[in-house]
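Novice: Mind looking at a prediction? Sequence and model below.
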Amino acid sequence: MEVKTFKDGGAHVPHYKSFTEDKPITRMDAPEEVIIPLSQHLGAPNEPLVKVGDKVEVGQKIGEVDEFISAPVHASISGTVTAIEPRPAYTGGEIMSIVIKNDGGPQEFVSKEKRDPDKMTIEELREAIRDAGIVGMGGAAFPTHANISVKKPVEYLVLNGAECEPFLTCDHRQMLERPYELVEGARILMRTIESKKCRIGIEENKPDAIAAVAEKARGYDGIEVVPLAVKYPQGNKDQLIEATTGKYSIRGVRSADVGCLVRNVGTTIACYDAVVHGKPSMERVVTVSGPTVPRCGNYIIKIGTKIGHVLKECGVDDLDGYKVVLGGPMTGMAVSDLESGVVKGTTGILVLPPDMVREEVAYSSCVRCGKCVDHCPMLLYPNQLSIYAEAEMYDELMEWDVMDCMECGICSYICPAQRPIVHLIRMVKPTIRKMQRAAAGK
């Protein structure tokens, strides 16, 4: 099979996948307590459906809101609701959360029925995915039912199996261990968007996953595996569409409007589980890794499990000088409060030693080397955007298309002046969004 890739920008970054790529998925025991944020997605936060003192069961819906761009949350363990209050969150602040104490009983989700997707209407498929609270599990966390609610047929379903972030292997292992569910999940999503073609992009450093998925896809009309070159950010939506279909996204236009809809492979498997088994999004596969982590691995972890609990279970007891990162090292977020927990979009928990972490040093002015421009996959000028961001020049930022930045982190990674370019860009985006809503009269 021919290896494909995107044309503009990108970079080759170290993989660091050897710690966990050969580790089969294992289940981590349910903790004594989970803290489930009422907002784990883009869109409106949920309202609690339970109160303190209520008994809840695994998989029970405990939070929901009547808004289209939102996703309900479910109990990940059976137990008693002990608090509904703001708690430390993955965002660094606090989020209204539901706290559940484990009752010591069985903590596995048991499917009450097995449904046949072929006997369900498109609307029934979308509603099953919405009711299960499925969101983008690659980190974006956009509600999947909203993503697949298209007004006209979409030519291509594109599945992201690139997993181009260093360290992360949770998608790799799911492709290896659940290829049938992935292909069947793809078929379900193809029906919801009335697509006849599916392209599953997998980087060529995962030959076993390419072989496993290609074998399962054989005989399915329109579903093909596309081997991809190992280049970051191969898994970003625009770059993935270009590499797998030859189409190009248009700035400011939904990918569905150019004939493509992109979903993560883990999300696709979760959609299969939701439609066929009625399983809600109440646990996920997380890569726990780092050079000194005693028990690195790919674990099924209950949503709401504290980061500190996960690290303890993996043998980590000393974090002096280390940095804990949720997600991958390029786009993830460093956390200091280990009371925050695993959410639907948590792909990884990394423990990085001092020699792998860039110190927070005073950075210099842009040296105009142009490296960030050369490597930007979105064909932006990150150097200029960072200068405008420092000066809070919002009109100029909008003129230079700052909102098109996908925050892949290449600019910061490649900058010889150690400028925190992507951080500066992230800081101004909320203000610009407010300005845009005000201009639109919303």
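Specialist: That came in fine, so what should we check first?
Novice: Poorly predicted segments of the chain, please.
Specialist: 251-252, 359-362, 442 (pLDDT under 70).
Novice: tell me the secondary structure for residue 424?
Specialist: helix (DSSP: H, G, I helix; E, B strand; the rest coil).
Novice: what does residue 101 give?
Specialist: Under three-state DSSP, residue 101 comes out as strand.
Novice: Next one: residue 186 from residue 167, what distance?
Specialist: 26 Å (C-beta to C-beta, to the nearest Å). Yep, even glycine has a C-beta here, placed from its N, CA and C like the rest.
Novice: Please apply the same query to residue 285.
Specialist: 14 Å.
Novice: of those two, who's got more company?
Specialist: residue 167 (30 against 25; other C-beta atoms under 10 Å).
Novice: Just to be sure, the more buried one is in a strand?
Specialist: No. According to three-state DSSP, residue 167 belongs to no strand; its state is coil.
Novice: quick one, phi/psi of it?
Specialist: Backbone torsions of residue 167, given as degrees, to the nearest 10, read phi 80, psi -40.
Novice: cool, and the one 5 residues further on?
Specialist: Taking degrees, to the nearest 10, you get phi -50, psi -50 for the backbone angles of residue 172.
Novice: cool, and residue 231?
Specialist: Dihedral angles for residue 231 - degrees, to the nearest 10 - are phi -150, psi 130.
Novice: what sits against it?
Specialist: Residues counted as contacts of residue 231 (C-beta atoms under 8 Å, 6 or more residues apart in numbering) are 5-6, 10-12, 164.
Novice: Scan these and report the most crowded one.
Specialist: residue 164 (24 neighbours).
Novice: Does that one fall in a helix, a strand, or a coil region?
Specialist: Quick answer, by three-state DSSP: residue 164 is coil.
Novice: ok, now residue 191?
Specialist: Here residue 191 is helix, with the state taken from three-state DSSP.
Novice: does it really touch residue 117, like I thought?
Specialist: Yes. Counting by C-beta atoms under 8 Å, residue 191 touches residue 117, with 7.2 Å between them.
Novice: Mutual contacts of the two, please.
Specialist: Common neighbours of residue 191 and residue 117 (C-beta under 8 Å, 6+ apart) are residue 125.
Novice: For residue 84, give me its contacts.
Specialist: 48, 50-52, 96-99.
Novice: Which parts of the stretch 201-350 of the chain are helices?
Specialist: Secondary structure of the stretch 201-350 of the chain (DSSP state H, counting those that start in this stretch): helices at 207-217, 237-245, 265-277, 307-313.
Novice: so which of these gets nearest residue 338?
Specialist: Nearest of the helices of the stretch 201-350 of the chain to residue 338, taken as C-beta to C-beta: helix 307-313 at 3.4 Å.
Novice: and the closest one, what other elements does it pack with?
Specialist: strand 283-289, strand 323-326, strand 348-352 (3 or more C-beta pairs under 8 Å, 6 or more residues apart in numbering; DSSP states H and E).
Novice: most packed of the ones you listed?
Specialist: Of all the helices and strands packed on helix 307-313, strand 283-289 has the most neighbours on average by mean count of other C-beta atoms under 10 Å, namely a mean of 27.
Novice: May I see the buried residues of stretch 134-142?
Specialist: 134-139, 141-142 (16 or more other C-beta atoms under 10 Å).
Novice: Pick the one among those closest to residue 338.
Specialist: residue 139 (19.8 Å).
Novice: Look at the closest one and give its secondary structure.
Specialist: coil.
Novice: was I right about it contacting residue 331?
Specialist: Yes. Counting by C-beta under 8 Å, residue 139 touches residue 331, with 6.7 Å between them.
Novice: residue contacts, residue 366?
Specialist: Per C-beta under 8 Å, 6+ apart, neighbours of residue 366: 383, 386-387, 417, 419.
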